[in-house]
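[1] Got a sequence here, can you model it:
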Amino acid sequence: MALVAALNDWNLPSTSAQGARQYEQLAHALRVAGNYLYPKDVTSSRSAVKPIETPDVTTAFQIALRDGRSSSLYSEFLDAVESRFYLIIRDVQRYIDHLTLVEEEDDQVGPVMIEMLERLAVWQRAWGVPLRAFHDPKLIGTFTQVFHSLLHSTLSPLFPKYLLSFLSESLASLPSHLLDPPTMPQLFQSVPVNYHKVPPPSPHLSRLGIFPRYSGTLSKVAYKEIEKIAREEAEKGWDTRRLTRARQRVGDGVANWLSGMFEGNESAQAALRPMFSRFDYYLCKCFFDIRTDELFDIIVDFPDSMAALEDLKECLFKVDQRLELVNKLNAANLKRLLHPGAETKLVLSIYISTIRSLRILDPQGVLLHKVATPIRKHLRERSDTTKCIVSALVEGEELGDENENAGLIRDGAEDGMEIEDWSDPKWDPEPVDAAPEFRSGKAGDIVSTLVSIYQTREVIVKELQVLLATRLLAVRDYDAVKEIRIIELLKLRFGEQALQICDVMLKDMADSKRIDDHVQGDIKSTVHPLVISKMFWPNVPGTSLCLPSKLLKAQQEYESAFHHFKPDKHLRFLQSLGTVHMSIELEDRVVEVEANPTQASIIELFEGQDILTVGEIKEKLKITDKLIKDGLRWWKEKGVVREEGEGEGWRLLEIAEDEE
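    Take a look at the predicted model:
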């Protein structure tokens, strides 16, 4: 730089006394100005001492500026700044070393960082204030840029880590009314920012050019806090919506903290406003990730988890990661549901909850179509699925409303979806993420969806007939009011023709009551049979059971009275079906039970005989060892018999034994 100045002065006169005085005056002015600008070593100073601009200094700068030497002076100053910057780095290194020692103590990092930033500001002021003598703000701005560039290019690689801890500590130390603001009733659709003045942890963060140089660190702290808020709110459960509260915490805490970092910088404040929208996206993404990881359990807990589904629906709309949701839920289903260890009844129950839950998330049914396909395939391959579906239709509470409020089920309604009506003016195209086999249209009710697991509803109808017959066979006192209601509801779903056989069964119930009333008027029997039309009832497996004489006599008396009433007909009893009300009088007690014919026959053999072996019982009743042992164990649970020992038989307990 000195060489450039010398070349500029090459043509100046140098022979006259006046010229010599001018040279001396200029040289003195340059020397005074240079000394004034020269970067001072303030290592031992706790604060920058403002240099005093004496009249001599002012005059020197006037001469230098008049002679056009400001550029050379400023260039020499910047060269000196670069050459002496090692003083700053050496000073800062002491703080870095100190931070290395105390980094395990979270409460110590902040004070050391504040002191280090203050120290850097001292250096910047000490070297920058003399530039005011130029009376040119642009030169100060250029110096600031050079200072920041030299600082951030020579700072320790550990500085970003300590800055991250410092900023995290600053955010965590916000007042409680910002970190945990009072709950507000509004349903926010984005992060609400209720501006509160939050001072930055150090005023020198902006002055030293920390931002935007380390804006990534600042964002990392903010996003990490958003993750924490999402996790804390999500962990509070599914009983109420949590996303609104999380948004409020982000707005009052993170947004105000970040705004405080740029206090007074209007352009930076304006640039932050789009950042709050990104905060809301990231919050929804965190909530989405948490809730999709929990989605299987949310579905199992439905409808108690309705609030969590509403939050997830909003997050899904925001982040639009439908495929990720499907993949996570399919993986969870494969791991926790679609395996041989899960009972068909459980698989069916969770499938029903899946239908209801995914219709909340996606009313169009695309998500359900993608998730349901492997479940339906798994159910179709199980042999007892039809039985479980029919049981849910007839006996389950969860499908009761479905039967009452839905219409007729047609064959061929694959996946429970209606065929598209192309002439419908409200027709919408299929969603972009729909599979090729997906068909738009109004989603069918859950019963239709379950029935459509099979290509035809006949499989379900036949199983329905069997189950209803079983229930009617178990009816007492011919009171089939509940079964009549069920059949009438099912006719609405499957049609009159499909359940015509059930009408015959109900007619048999009514006829049986009429017959029994007539027979009871003649003989007062304890037998009350259900007389069925064999052709219209499911096949009932036969039995080899031979009733004891007392029970057999009661049947024969009833059969004789029936034949007298209907001479052209004969009764054939199905000995294994029915219920026997028994009152067993023992020495110290009376035991009253409802037993099946096999159990009643076994205990009847003990009348007049205290001990019987399995072989003796088998010889008289003509049934299998398993049926006999099951019956004896049933009476043992009632405290009526006891096993004497291996091969010694079973004893009737006239006197009850004390329970151990």
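[2] what are the ranges of the helices in the stretch 51-200 of the chain?
    55-66, 70-83, 86-102, 106-128, 137-154, 159-172, 176-179 (DSSP state H, counting those that start in this stretch).
[3] got the buried residues for the fifth one?
    Going by neighbour count (16 or more other Cβ atoms under 10 Å), the buried part of helix 137-154 is L139, F143, T144, F147, H148, L150, L151. Where C-beta positions appear, they are placed from N, C-alpha and C, glycine not excepted.
[4] Just the CA atoms of it, as CSV, please.
    Taking Å, rounded to 0.1, in the frame of the first residue of the first chain, the C-alpha atoms of helix 137-154 are listed here in CSV:
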residue,chain,number,x,y,z
PRO,A,137,-19.9,5.3,7.6
LYS,A,138,-19.2,3.0,4.6
LEU,A,139,-15.6,2.4,5.8
ILE,A,140,-16.9,1.3,9.2
GLY,A,141,-19.3,-1.1,7.5
THR,A,142,-16.5,-2.5,5.4
PHE,A,143,-14.3,-3.0,8.5
THR,A,144,-17.2,-4.8,10.3
GLN,A,145,-17.5,-7.2,7.4
VAL,A,146,-13.7,-7.8,7.3
PHE,A,147,-13.7,-8.3,11.1
HIS,A,148,-16.5,-10.8,11.0
SER,A,149,-15.0,-12.7,8.1
LEU,A,150,-11.6,-13.0,9.9
LEU,A,151,-13.3,-13.9,13.2
HIS,A,152,-15.5,-16.7,11.8
SER,A,153,-12.8,-18.1,9.6
THR,A,154,-10.4,-18.5,12.5
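[5] Does anything pack onto that helix? Which helices or strands?
    If you count contacts as 3 or more Cβ pairs under 8 Å, 6 or more residues apart in numbering; DSSP states H and E, helix 137-154 packs onto helix 70-83, helix 106-128.
[6] other SSEs contacting the first one?
    Helices and strands touching helix 70-83, as assessed by 3+ Cβ pairs under 8 Å, 6+ apart, comprise helix 2-8, helix 17-37, helix 137-154.
[7] What mean pLDDT does the shortest one get?
    What it means is helix 2-8. Averaged across helix 2-8, the pLDDT comes to 51.
[8] ditto for the second one
    Averaged across helix 17-37, the pLDDT comes to 81.
[9] ok, residues contacting it?
    12-14, 51, 53, 56-57, 59-61, 63-64, 67, 69, 73, 76-77, 80, 130-131, 133 (Cβ atoms under 8 Å, 6 or more residues apart in numbering).
[10] want to throw the helices and strands packed on helix 137-154 into TSV with mean neighbour count, mean pLDDT and distance to L551?
    Putting the helices and strands packed on helix 137-154 into TSV (neighbours: other Cβ atoms under 10 Å; pLDDT from 0 to 100; distance: least, Cβ to Cβ, whole Å) gives the following:
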stretch	mean neighbour count	mean pLDDT	distance to L551
helix 70-83	17	90	114
helix 106-128	18	87	84
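[11] wait, is H581 part of a helix?
    No. Under DSSP: H, G, I helix; E, B strand; the rest coil, H581 sits outside any helix and is assigned strand.
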